[in-house]
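Asks: I'll drop the sequence and a predicted model, then ask my questions.
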Amino acid sequence: MVALPVKTREMHNHHIDSTVWNDIDFRDDDIVIATYAKSGTSWMQQIVSQLIFQGQEGLPVAEMSPWVDLRVPPKEVKLPVIAAQTHRRFLKTHLPVDALVFSDKAKYLYIGRDARDVMWSLHNHHATANGAWYDALNNTPGRVGPEIGKPPESTVEYFTHWLDNDGAPFWPYWENVRSWWALRDLANVKLIHFADLKRDLPGQIRDIAAFLDIELVPDTMDSILHHCSFNYMKENASDSVPLGGAFWDGGAKTFIHKGTNGRWRDQLGADVSERYLARAERELGRDCARWLAEGSVG
């Protein structure tokens, strides 16, 4: 039997202030969507919003589902907004479990994705960020640690630096995946893989609905699937992206970029890819590393 985890540390950097979670008053039906960045977070927020609101059109998902541990805006602003929400809350985190306040009242959805796919998406996210993004992260009072700077043009160089420097310039990856994998047998935790969402979105949505104790109203699945499709989310990206995409050149549609896996295959050398896979197995163990690379099948 897996014991409920207890918070043992705080995590701070240019993006994150984990102390915000210390003052969350959990409700019995709260949902927490957890990922490492660019692992399918916005997609899962869209799926959950569609389940809660039974396929409604035009939901302002980014506003409805705040990233709790993002330090901008500060918790003095963010916490009253979260407390005032009257719908079933679905909150976002990028924290590893030991830096998160874990509640037995909430249900947790953790989305995994191969880090090679993560980093190809994250490089686009970082490379298209504009001056307002850098100003908010680097100059808002309360930042702990170094500023975040501009990325190299090469995605391969970006990936290699990230791999060799424990997640820099963002935050550690292995501890994030490892901490959630350890909770996979808890009744209020469900692990989902980005590749499985791509392979069988209807089946995954049904499983998520069952986990969240949400009854799918007849005749809503077509609407839910349409609203959770990449094309719909791209066309309505301003609903899914913080501040409507104001922090990225090209706006929200830049944030919702490709939605695909495997873009690294024609660019990342076999030696670096093999080094990544070997590192994954050392850090995570064989079963978790296989899941991370392939999802539930393969």
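Replies: That came in fine, so what should we check first?
Asks: any low-confidence regions in this protein?
Replies: Scanning the chain for pLDDT under 70 picks out the ranges 1, 240-241, 243-244, 250-259, 297-298.
Asks: surely residue 16 meets residue 69?
Replies: Yes: with contact defined as Cβ atoms under 8 Å, residue 16 and residue 69 form a contacting pair (5.1 Å). Quick note: C-beta positions are derived from backbone N, CA and C, even for glycine.
Asks: what sits in contact with each of the two?
Replies: 94-95 (Cβ atoms under 8 Å, 6 or more residues apart in numbering).
Asks: what's across from residue 70 in the sheet?
Replies: residue 16 (DSSP bridges).
Asks: Identify each buried residue in stretch 208-216, please.
Replies: Buried residues in stretch 208-216, counted by 16 or more other Cβ atoms under 10 Å: 208-209, 211-212, 214.
Asks: One more: stretch 71-83?
Replies: Residues of stretch 71-83 classed as buried: 71-72, 75, 78-79, 82 (neighbour count, 16+ other Cβ under 10 Å).
Asks: Could you do stretch 269-280 as well?
Replies: Going by neighbour count (16+ other Cβ under 10 Å), the buried part of stretch 269-280 is 272, 276-277, 279-280.
Asks: Hmm, residue 166 is touching residue 172, no?
Replies: Yes: under the criterion of Cβ under 8 Å, residue 166 makes contact with residue 172 at 5.1 Å.
Asks: of these two, who's got more company?
Replies: Neighbour count, other Cβ atoms under 10 Å: between residue 166 and residue 172, residue 172 has more, with 16 against 12.
Asks: Where does the more buried one fall, secondary structure wise?
Replies: Residue 172 is part of no helix or strand, with elements assigned from DSSP states H and E.
Asks: For the helix ranked longest in the chain, name the packing helices and strands.
Replies: Secondary structure of the chain per DSSP state H: the longest helix is helix 270-284. Counting contacts by 3 or more Cβ pairs under 8 Å, 6 or more residues apart in numbering; DSSP states H and E, helix 270-284 packs against helix 115-127, helix 155-164, helix 174-181, helix 286-294.
Asks: that older thread, which one of the buried residues of stretch 71-83 sits closest to residue 111?
Replies: Relative to residue 111, the closest of the buried residues of stretch 71-83 is residue 82; by Cβ to Cβ it sits at 21.1 Å.
Asks: wait, which of the buried residues of stretch 269-280 is closest to residue 227?
Replies: Of all those, residue 280 has the smallest distance to residue 227: 33.4 Å, by Cβ to Cβ.
Asks: need the contact list for that closest one.
Replies: Residue 280 neighbours (Cβ under 8 Å, 6+ apart): 115, 174, 289, 292-293.
Asks: one more time with 10 Å, if that's ok
Replies: 114-116, 173-174, 177, 286, 288-290, 292-293 (Cβ atoms under 10 Å, 6 or more residues apart in numbering).
Asks: and the next element down the chain from the helix or strand encompassing residue 196?
Replies: Take DSSP H and E as the rule and residue 196 turns out to sit in helix 194-199. Sequence order places helix 201-211 as the next helix or strand after helix 194-199, per DSSP H and E.
Asks: List the buried residues in the helix or strand immediately after that next one in the chain.
Replies: Next along the chain after helix 201-211, taking DSSP H and E as the criterion, comes helix 221-227. Residues 221, 224-225, 227 are the ones in helix 221-227 that count as buried (16+ other Cβ under 10 Å).
Asks: and those residues as TSV, adding distance to residue 120?
Replies: Shown next, in TSV, are the buried residues of helix 221-227 (distance: Cβ to Cβ, whole Å):
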residue	distance to residue 120
221	31
224	28
225	26
227	25
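Asks: Just the closest of those residues to residue 148, please.
Replies: residue 227 (32.6 Å).
Asks: And residue 6, how close does it get to residue 180?
Replies: For residue 6, the distance to residue 180 equals 15 Å [Cβ to Cβ, to the nearest Å].
Asks: more neighbours, these two?
Replies: Between residue 6 and residue 180, counted using other Cβ under 10 Å, the more crowded position is residue 180 (24 against 9).
Asks: tell me the contacts of the more buried one?
Replies: Residue 180 touches 5, 34-36, 95-97, 100, 108, 110-112, 189, 191, 288, counting by Cβ under 10 Å, 6+ apart.
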